[in-house]
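> Model the following, please.
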Amino acid sequence: MSENDAVEGLRQVQASIRRSASDYDRDPSAITLVAVSKTFPAEAIEPVLAAGQRVFGENYVQEAKAKWPALRERYDGVELHLIGPLQSNKAKEAVALFDAIQTLDRPSLAEALAKEIAKQGKKPRLLVQVNTGEEPQKGGVAPSELDAFLNACRSQYGLEIEGLMCIPPAEDPPSPHFALLNTLARKHGLKTLSMGMSADFDAAIQLGATHVRVGSAIFGSRAKA
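The predicted model follows:
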């Protein structure tokens, strides 16, 4: 994909978000586009940065560490979100590198993050990943266990939780999963909802998404590993 294609993809996605917001009587400025740059090299990301996009999502600590420090030196105001699973032993690097961690999903990770936040004095925004489809192969807290987990994060580990994220099962219609996440967030007084990707962010916006994670509609298809 050429630089122009990526920038055009960005513009089209931004226009689609504005259109969806208008359709559902939502303020477009309340919806943050997280451009998912995982697997793409710095030279593919730079045109999108130059076009003004500042919020990006990465899946892996090591990959992000390899390409983002240099990009951040060239572009002010970058906000980096970790949207992939995080190993507890990578908590130190994740807290140092990311502005938001969207995949908090177990007590051992909560403990590791709490220790690093206290040590580094840096406080990334934290979202709990909910496994709305209760898929055994996928990370995330089961909906029935969310109450206890949020309580432990706050009372046991002293973490401030800003919101929830989910990745619906690929074979399911996404809207029921988005609706469930919205219900859970409202129940717990959480304002941030990260849900919706390239194929379904319109439905996510309809159901209250504050952050949509869009990669292929901007950068094109990823090469299969």
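
> Not counting sequence-adjacent ones, nearest residue to the residue nearest the centre of the chain?
Geometric centre of the chain, nearest residue: residue 83, 4.5 Å, by C-alpha atoms, centre = their mean. Closest residue to residue 83 apart from its sequence neighbours, by C-beta to C-beta, 6 or more residues apart in numbering: residue 57 at 4.2 Å. C-beta: built from backbone N, CA, C; applies to glycine.

> show me what contacts the one you found?
34-38, 80-83, 102, 213, 215 (C-beta atoms under 8 Å, 6 or more residues apart in numbering).

> so how far is the helix or strand encompassing residue 202 from its chain's centroid?
Following DSSP states H and E, one finds residue 202 within helix 201-206. Taking C-alpha atoms, centre = their mean, to the nearest Å, one finds helix 201-206 lying 15 Å from the centre of the chain it belongs to.

> Would you mark the buried spots in that helix?
201-206 (16 or more other C-beta atoms under 10 Å).

> Tell me, how many residues neighbour the residue nearest to residue 5 when sequence neighbours are not counted?
Nearest in space to residue 5, with sequence neighbours left out and distances taken as C-beta to C-beta, 6+ apart, is residue 220 at 6.7 Å. Counted with other C-beta atoms under 10 Å, the neighbours of residue 220 add up to 15.

> Can you give me the pLDDT of residue 173?
Looking at residue 173, its pLDDT reads 98.

> Next, give phi and psi for it.
When quoted as degrees, to the nearest 10, the phi and psi of residue 173 stand at phi -60, psi 130.

> so where do the strands sit in this protein?
32-36, 55-58, 79-82, 100-104, 125-129, 163-165, 192-194, 211-214 (DSSP state E).

> For residue 33, which residues count as its bridge partners?
residue 212 (DSSP bridges).

> Isn't it up against residue 214?
Yes. With contact defined as C-beta atoms under 8 Å, residue 33 reaches residue 214; the gap is 6.2 Å.
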